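Colleague: with the sequence up front, the predicted model follows.
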Amino acid sequence: MELKTVLKKVTFLYTVLIIIISTIPIPQLPFPKFELFQFDKFLHLIVYLIMSVMWLILGFLEIKKIKWSYLALVFFIGLITEICQGILPIGRYFEIADIIANSLGILIGFSISSLYILKNKQL
């Protein structure tokens, strides 16, 4: 199977899983609290960093340049899932800090993807 096809399927599956995980009720688990470092925000950053890298690399493999609509898609998913957490009766809540962590992860992912794209531009 071609790399682009595999990446497309894995990227789509990863994105759907993030949407599902972000919009289902979760039990209140006793997470340790850190004063300087919130593990939840770090998870948001990492999850959206990975998602943005996957979408941007997929877009590059398709058209050999940055596909801005894919970057917008990841920002939209981060925003809409957070809004859904505040609106839906799932026992979760909207947090600006989560949107900031998502956006920071996306921007870092964009930077990583841009380095990959610049390195492989001539391919």
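Modeller: Yes, it's here.
Colleague: residues touching the residue nearest to the spatial centre of the chain, list them.
Modeller: The residue lying closest to the centre of the chain (C-alpha atoms, centre = their mean) is residue 48, at 2.3 Å. By C-beta atoms under 8 Å, 6 or more residues apart in numbering, residue 48 lies in contact with 74, 78, 101-103, 105-106, 109. For the C-beta atoms, the positions are set from N, CA and C on the backbone; glycine is no exception.
Colleague: among these, which are located in strands?
Modeller: Judged by DSSP state E, the contacts of residue 48 include no members of strands.
Colleague: got a markdown table for those, with distance to residue 94 too?
Modeller: As requested, the contacts of residue 48 are exported to a markdown table (distance: C-beta to C-beta, whole Å):
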| residue | distance to residue 94 |
| --- | --- |
| 74 | 19 |
| 78 | 12 |
| 101 | 13 |
| 102 | 12 |
| 103 | 15 |
| 105 | 18 |
| 106 | 18 |
| 109 | 23 |
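Colleague: farthest-separated two in the residues you listed?
Modeller: Maximum pairwise distance in these, criterion C-beta to C-beta, is 13.4 Å, between 74 and 101.
Colleague: give me the buried positions along the helix or strand where residue 84 lies.
Modeller: Residue 84 belongs to helix 68-87 when elements are defined using DSSP states H and E. Neighbour counts using 16 or more other C-beta atoms under 10 Å place 70-71, 73-75, 77-78, 81-82, 85 of helix 68-87 among the buried residues.
Colleague: hey, C-alpha coordinates of that helix in PDB?
Modeller: The C-alpha coordinates for helix 68-87 follow below in PDB (Å, rounded to 0.1, in the frame of the first residue of the first chain):
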ATOM      1  CA  TRP A  68      -3.600  25.600   4.500                       C
ATOM      2  CA  SER A  69      -7.100  24.100   4.600                       C
ATOM      3  CA  TYR A  70      -5.700  21.200   6.500                       C
ATOM      4  CA  LEU A  71      -4.200  23.500   9.100                       C
ATOM      5  CA  ALA A  72      -7.500  25.400   9.400                       C
ATOM      6  CA  LEU A  73      -9.300  22.000   9.800                       C
ATOM      7  CA  VAL A  74      -7.100  21.100  12.800                       C
ATOM      8  CA  PHE A  75      -7.700  24.500  14.400                       C
ATOM      9  CA  PHE A  76     -11.400  24.100  13.800                       C
ATOM     10  CA  ILE A  77     -11.500  20.600  15.400                       C
ATOM     11  CA  GLY A  78      -9.600  22.000  18.400                       C
ATOM     12  CA  LEU A  79     -12.100  24.800  18.800                       C
ATOM     13  CA  ILE A  80     -15.300  22.900  18.100                       C
ATOM     14  CA  THR A  81     -14.500  20.000  20.400                       C
ATOM     15  CA  GLU A  82     -13.800  22.500  23.200                       C
ATOM     16  CA  ILE A  83     -17.100  24.300  22.500                       C
ATOM     17  CA  CYS A  84     -18.900  20.900  22.500                       C
ATOM     18  CA  GLN A  85     -17.500  20.100  25.900                       C
ATOM     19  CA  GLY A  86     -19.100  23.300  27.200                       C
ATOM     20  CA  ILE A  87     -22.400  22.800  25.500                       C
END
